[in-house]
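**Student:** build me a structure from this.
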Amino acid sequence: MQNRQIILGKLPQGKLTVDCFQTRETPMPIPGPGEVLLRTLYVPLDAASRAWMQGVTYRSGLQPGDIMAATTLAEVVTSRSSLLAAGDIVLAETGWQTFTALPAAEALKQPDIVPHTHLLSVYGVPGLTAYFGLLECGRPKAGETVVISAAAGAVGMFAGQIARLHGCRTVGIAGGAAKTALLTDRLGFDAAIDYKAGNLHDGLRRSCPNGIDVLFDNVGGDILAACLPHMAKQGRIVCCGAVSQYDTASPPAAPAGIPGLLIVNSLTMRGFLVADFLHRQEQALTALTAWVAEKKLAVIEDLIAGFELLPAALVGLLAGENTGKRIVQVT
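**Tutor:** Numbering: from 1, shown residues only. Model (predicted):
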């Protein structure tokens, strides 16, 4: 058997395209003492992957020739360690490849949860990011208005539902009539604004007549700039992502008026990484598990089958094709 890998063949000049990637086959890796051989099951996709091609972020940048980076869900095929056994399901930094040999200590054993994909969505980085970003950074109070950008995305749909569960008026911003209908009809948002349909300012005025108390921003750029004038006094802005700035040769500068708006309205703007809160992961998982079991939190996943489709799936994610967490099943 051969190991299949997808590498970054060249850095994109502008928007990411599938021809930036190359597929290659290498010999099957052989685990050494203390190591495990992993078979990749699912690869979660994240818009931040594009930012890694721009240079150092919270991780080192990607260069041509590198295996495309990713933390994946994998199965232990062979173990030469007492830490893991064949058949265990783990999270590990394998990158885009079908098999990986690495130290067992670098693979995190996962609980027996069905479907396994929930370990990459509601119980993984998206769910934890939404939970801690909203509740710890946004600090919403019952009756307040919470606005979520990219609200039909992996993090946004959970953040909006969690806000609703805490008694907030929840407004989602998304692209297209199908996504905005999903937010209100299935996910319980009080209102949804299609930023592609017209004037975002008019939509915000109608949906947030008393201003925005908490803005959970996944987009940055023009959508962040449009929301800022609508913030209520002492509002909180949670900077979770900046997807509008990732798929470009040079990220645009922040809106020039931010400092003045922060001062005049006594606003707080806070960025964070989910890693800041991982020491409290069990707290979040207890709440998320209960909400899912009680059917108070809907989980929507965008599952694509086929290892070879990874490049196109990432390009599509950056173009806003997905609803919920986009995950590629390796077949």
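**Student:** from here on, contacts and neighbour counts on C-alpha atoms
**Tutor:** OK.
**Student:** residue contacts, residue 60?
**Tutor:** Counting by Cα atoms under 8 Å, 6 or more residues apart in numbering, residue 60 touches residue 52.
**Student:** equivalent analysis for residue 318, please.
**Tutor:** Counted by Cα under 8 Å, 6+ apart, residue 318 has contacts 47, 243, 247.
**Student:** now tabulate the residues you listed in a markdown table and tack on distance to residue 165.
**Tutor:** Shown next, in a markdown table, are the contacts of residue 318 (distance: Cα to Cα, whole Å):
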| residue | distance to residue 165 |
| --- | --- |
| 47 | 27 |
| 243 | 26 |
| 247 | 33 |
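**Student:** which of those residues sits closest to residue 118?
**Tutor:** Nearest to residue 118 out of these is residue 47 (Cα to Cα; 18.7 Å).
**Student:** turn the contacts of residue 318 into TSV, including secondary structure and pLDDT.
**Tutor:** Shown next, in TSV, are the contacts of residue 318 (DSSP: H, G, I helix; E, B strand; the rest coil; pLDDT from 0 to 100):
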residue	secondary structure	pLDDT
47	coil	94
243	helix	91
247	coil	90
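**Student:** go through the residues you listed and name the one nearest residue 325.
**Tutor:** residue 47 (10.7 Å).
**Student:** hang on, isn't the closest one packed against residue 244?
**Tutor:** No. Judged on Cα atoms under 8 Å, residue 47 makes no contact with residue 244 at a distance of 9.5 Å.
**Student:** send the alpha carbons of the helix or strand hosting residue 7 over as CSV?
**Tutor:** Per DSSP states H and E, residue 7 falls inside strand 2-8. Extracted C-alpha coordinates of strand 2-8, given in CSV (Å, rounded to 0.1, in the frame of the first residue of the first chain):
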residue,chain,number,x,y,z
GLN,A,2,1.1,3.6,-0.7
ASN,A,3,0.5,6.7,1.4
ARG,A,4,-1.2,9.5,-0.5
GLN,A,5,-0.3,13.1,0.4
ILE,A,6,-1.5,16.5,-0.8
ILE,A,7,1.2,19.2,-0.7
LEU,A,8,1.2,22.9,-1.3
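**Student:** can you pull the buried residues of it?
**Tutor:** 4-8 (16 or more other Cα atoms under 10 Å).
**Student:** try stretch 110-117
**Tutor:** 116-117.
**Student:** span of it from start to end?
**Tutor:** Terminal residues of stretch 110-117 lie 11 Å apart, using Cα to Cα, to the nearest Å.
**Student:** mean confidence score for that stretch?
**Tutor:** Mean pLDDT, stretch 110-117: 95.
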